[in-house]
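Engineer: How does the following fold in three dimensions:
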Amino acid sequence: MSTATTSPSTAALLFLHAQTPLHPGSGTALGTVDLPVQRERHSGWPTIPGSSIKGVLRDKCRRVNGADVSALFGPETRDAAKHAGALSFTDARLLAFPVRSLRGVFAWITCPAALQRLHRDVSLLPGTKNLPPVPNVARDFCCIPENSVTLLPENAVVLEEHDFRVSGKADPWAKWITENAVADKSLYEHYAQRLVILSDDDFTYFVRHATEIVARIGLDYDKKTVREGALFYQEFIPAEALFYSVAIANESRNPDKKLSATDVVGQLQGFLPPVLQVGGDETIGKGLCAVKLVV
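Structural biologist: Here you go, the predicted structure:
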């Protein structure tokens, strides 16, 4: 009797750092916002579908490098039955979200639930990534780095219209996130000084209610007025938001190009462009994301 075996696989973290507002759309809606962003059903946090990430990566890697990427991403649709791709991507999870700060211009907020989820996802990666422990943060309190630019003299941080008392330090997480997720080394300190760890409930409030809502119109070129039915409202995730996706690599299934899972990750890293356009509204400069792969 033969025994089935599973092919060895490996994983990497793909960080997406929004440089411009981002619209991973969910289609039309019945509420006041005509075109909302896609959100996790259970948390209400914004997310980016894994299929979108795989699609834009495939297109960008092929166009930039002129290479045959079918072993990594699978063949074209007409040849889809030949073999599957060696790469799969989870939906991108929100790790840090920008909000206005009374001091320091803006803060980069995260929460224990997001950090615990990162701990779980990092366990899929080979080797040890030495993530810091996740702090406990009560509602209306926060943890910030020692040199935070958001700190007020009253030992408080004011985000949007809400104030938070400082109850702990976030230096280990500020260092880990910036060094691993930010592509430009010259900006490490800039973002590290802005990290604020809030409670899960406070974080959820901001990511549900502090997105950008933009009115979009279509003009009647003769009258120079809005065409009938051409006014709509669109939601955007603000620039500086930070997401990550788990890229899972298997051995190549292409019979003409055999690659180990490690080779697949290596090729992805070699093909990876510095910037990807993710989501809708490419022609008006939306969705530009700096990307970084952590293996």
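
Engineer: Give me the domain ranges for this structure.
Structural biologist: 1-24+50-90+239-295, 38-45+98-210 (automatic domain parsing).

Engineer: Centroid-nearest residue for this structure?
Structural biologist: In the chain, the centroid-proximal residue (CA atoms, centre = their mean) is Phe243; its distance is 1.7 Å.

Engineer: Next, give phi and psi for that residue.
Structural biologist: phi -120, psi 160 (degrees, to the nearest 10).

Engineer: thinking again about what came up before, looking at the domains of the chain, which has the lowest confidence?
Structural biologist: Here the domains of the chain differ in mean pLDDT, and the lowest is domain 1-24+50-90+239-295 at a mean of 87.

Engineer: in the sheet, who's paired with Val37?
Structural biologist: Gly25 (DSSP bridges).

Engineer: For it, give its distance to Thr47.
Structural biologist: To Thr47, Val37 is 8 Å away according to CB to CB, to the nearest Å. C-beta: built from backbone N, CA, C; applies to glycine.

Engineer: Pro238 now?
Structural biologist: Taking CB to CB, one finds Pro238 at 15 Å from Thr47.

Engineer: So the two - more neighbours on which side?
Structural biologist: Neighbours were counted for Pro238 and for Thr47 using other CB atoms under 10 Å; Thr47 has more, 22 against 17.

Engineer: three-state assignment of Asp121?
Structural biologist: Here Asp121 is recorded as helix under DSSP: H, G, I helix; E, B strand; the rest coil.

Engineer: Also the one 3 residues further on?
Structural biologist: For Leu124, the secondary structure call by three-state DSSP comes out as coil.

Engineer: Could you pull up phi and psi at it?
Structural biologist: phi -80, psi -20.

Engineer: same deal with Asp281?
Structural biologist: The phi/psi pair for Asp281 (degrees, to the nearest 10) is phi 60, psi 40.

Engineer: So which residues of the protein form helices?
Structural biologist: 50-65, 70-73, 112-122, 171-181, 188-192, 200-209, 261-271 (DSSP state H).

Engineer: wait, which of those helices is closest to Lys224?
Structural biologist: When the helices of the chain are compared by CB to CB, helix 200-209 sits nearest Lys224, at 34.7 Å.

Engineer: Tell me which other helices or strands that closest one touches.
Structural biologist: Secondary-structure packing of helix 200-209 (3 or more CB pairs under 8 Å, 6 or more residues apart in numbering; DSSP states H and E): strand 93-100, strand 106-110, helix 112-122.

Engineer: Lovely, talk soon.
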